[in-house]
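Asks: Using only what follows, build the 3D model:
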Amino acid sequence: MKRLVSIGSFYRDAYPGGMQFQQLQYFVAVAETRHFTRAAELVHVAQPSLSQQIRALERELGADLFLRARGNITLTDAGEALLPLARRILADTETARYEVQELVQLRSGRVRLGATPSLCTGLLPDVLHAFHDRYPGIRLLIEEGGSHDLVRQLARGALDLALVVLPLPTPSPALTTVELLREDLVVVSSPEAPKPGDGRRTVRIADLEGERLVMFRHGYDLRELTVAACRAEGFEPDFAVEGGEMDAVLGFVRAGLGVAVVPRMVAARSGRGLRVTPLARPGLRRTIALAHRSDVAPPRAARELQRMLLER
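Replies: I've put the predicted structure just below:
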């Protein structure tokens, strides 16, 4: 009877022999292409050699990883179970390689940073400019996305750090979060349009009833926060247009299509051609945190960027 090797024990034993790591590369390539020949081309190996190594991996694990039918390659249950772990092993190994290759005083390396689009517009430009001036040899790889997507990217090892909005949609003990700042939201409108709130210096959430709102796409933290605040005041917001990213929303507001609720930092940086009106107390605030995986320390360059963000 075949001995079924557990995924966990395979993870622990994957590196000493060297061959298993290569097998994981081949496995992920086949899983992503669903084609043995294309996978072999992707990893620059002959197709028979790739197939042989996949078979060896299956024998080691004691389970088939693929259902093979003519022109149709699908993952078995065992393959589905192995795929996220294999991706994480490969991502961690690549991170380790970059960590080892970093030279003294951070003259080379990379940082993979995720952030919501509003933070890319409001918070990051000045911090990244200062970081690049200090460490010009460090490559900055920025991934824009919602907090939910960024948390998933962190969990699978595709990011070193992420700027997310708290509370997280799915809190995870696998992630460590450090509160970075709390930011007020403001109302932006076109200078040519009537001022929201009957011309008062501040706008209440209740004043947005009857206003046409320019609204972000689904999954945007700002959309969920604004809609929840309107419903708490007893009304459903009226959307003039919805579905945009930050730049599109600001452009639609400038064009007079409606008003929008945006972070104060974004309004300050992008306020040209916009009227900015604070929200009346208690207003709306959001909490920004810096997140990274709990089980793996960020690479050295990422830790330096983390320090600069926390000290800003």
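
Asks: where exactly do the helices run in the stretch 201-312 of the chain?
Replies: 221-232, 246-254, 264-270, 300-310 (DSSP state H, counting those that start in this stretch).

Asks: same deal with the stretch 51-200 of the chain?
Replies: Chain-ordered helices for the stretch 51-200 of the chain, with DSSP H, counting those that start in this stretch as the definition, fall at 77-101, 117-122, 124-134, 147-155.

Asks: Could you dump the helices of the stretch 201-312 of the chain into a markdown table and include mean neighbour count?
Replies: For glycine as for every other residue, the C-beta is placed from the backbone atoms N, C-alpha and C. Compiled in a markdown table, the helices of the stretch 201-312 of the chain are given as follows (neighbours: other Cβ atoms under 10 Å):
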| stretch | mean neighbour count |
| --- | --- |
| helix 221-232 | 17 |
| helix 246-254 | 20 |
| helix 264-270 | 19 |
| helix 300-310 | 18 |
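
Asks: want to throw the ones you listed into TSV with mean pLDDT and distance to residue 89?
Replies: As requested, the helices of the stretch 201-312 of the chain are exported to TSV (pLDDT from 0 to 100; distance: least, Cβ to Cβ, whole Å):
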stretch	mean pLDDT	distance to residue 89
helix 221-232	92	31
helix 246-254	92	35
helix 264-270	88	38
helix 300-310	92	19
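
Asks: could these be laid out in JSON lines, adding distance to residue 30?
Replies: Formatted as JSON lines, the entries for the helices of the stretch 201-312 of the chain read as follows, by distance: least, Cβ to Cβ, whole Å:
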{"stretch": "helix 221-232", "distance to residue 30": "37"}
{"stretch": "helix 246-254", "distance to residue 30": "38"}
{"stretch": "helix 264-270", "distance to residue 30": "43"}
{"stretch": "helix 300-310", "distance to residue 30": "31"}
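
Asks: and stretch 210-221, how far apart are its ends?
Replies: When the termini of stretch 210-221 are compared using Cα to Cα, to the nearest Å, they are 22 Å apart.

Asks: got the contact list for it?
Replies: Defining contact as Cβ atoms under 8 Å, 6 or more residues apart in numbering, one finds that stretch 210-221 is touched by 116-118, 146-149, 165, 196, 222-223, 226-227, 237-246, 249, 252-253, 257-261, 286.

Asks: burial measure for residue 207, as a count.
Replies: By the other Cβ atoms under 10 Å criterion, the neighbourhood of residue 207 contains 19 residues.

Asks: what pLDDT does the residue nearest to it when sequence neighbours are not counted get?
Replies: Ranked by Cβ to Cβ, 6 or more residues apart in numbering and with sequence neighbours excluded, the top spatial neighbour of residue 207 is residue 197, at 4.2 Å. The predicted structure scores residue 197 at 72 on the pLDDT scale.

Asks: Equivalent analysis for residue 103, please.
Replies: Confidence per residue is given as pLDDT, and for residue 103 that number is 50.

Asks: Kindly report the same for residue 21.
Replies: Note for residue 21: predicted pLDDT of 83.

Asks: my guess is it is in a strand, correct?
Replies: No - secondary structure of residue 21, determined by DSSP: H, G, I helix; E, B strand; the rest coil: helix, with no strand assignment.

Asks: Domain boundaries for the protein, per the record?
Replies: What automatic domain parsing lists as the domains of the chain is 7-99, 106-181+288-310, 183-285.

Asks: Compare those and say which comes out lowest on pLDDT.
Replies: Ranked by mean pLDDT, these end with domain 7-99 in last place, scoring a mean of 83.

Asks: from the chain's centre, how far out does it sit?
Replies: Domain 7-99 has its average C-alpha position 25 Å from the chain's average C-alpha position, going by Cα atoms, centre = their mean, to the nearest Å.

Asks: try stretch 149-157
Replies: Taking the mean of its C-alpha atoms, stretch 149-157 sits 6 Å from the chain's own mean (Cα atoms, centre = their mean).

Asks: Same check on stretch 293-300?
Replies: When C-alpha coordinates are averaged (Cα atoms, centre = their mean), stretch 293-300 and its chain have centres 16 Å apart.

Asks: Next: stretch 218-238.
Replies: In this view, stretch 218-238 has its centroid 22 Å away from the chain centroid, taken as Cα atoms, centre = their mean.

Asks: now swap in stretch 297-309 and tell me
Replies: Computed by Cα atoms, centre = their mean, the chain-centroid distance of stretch 297-309 equals 17 Å.
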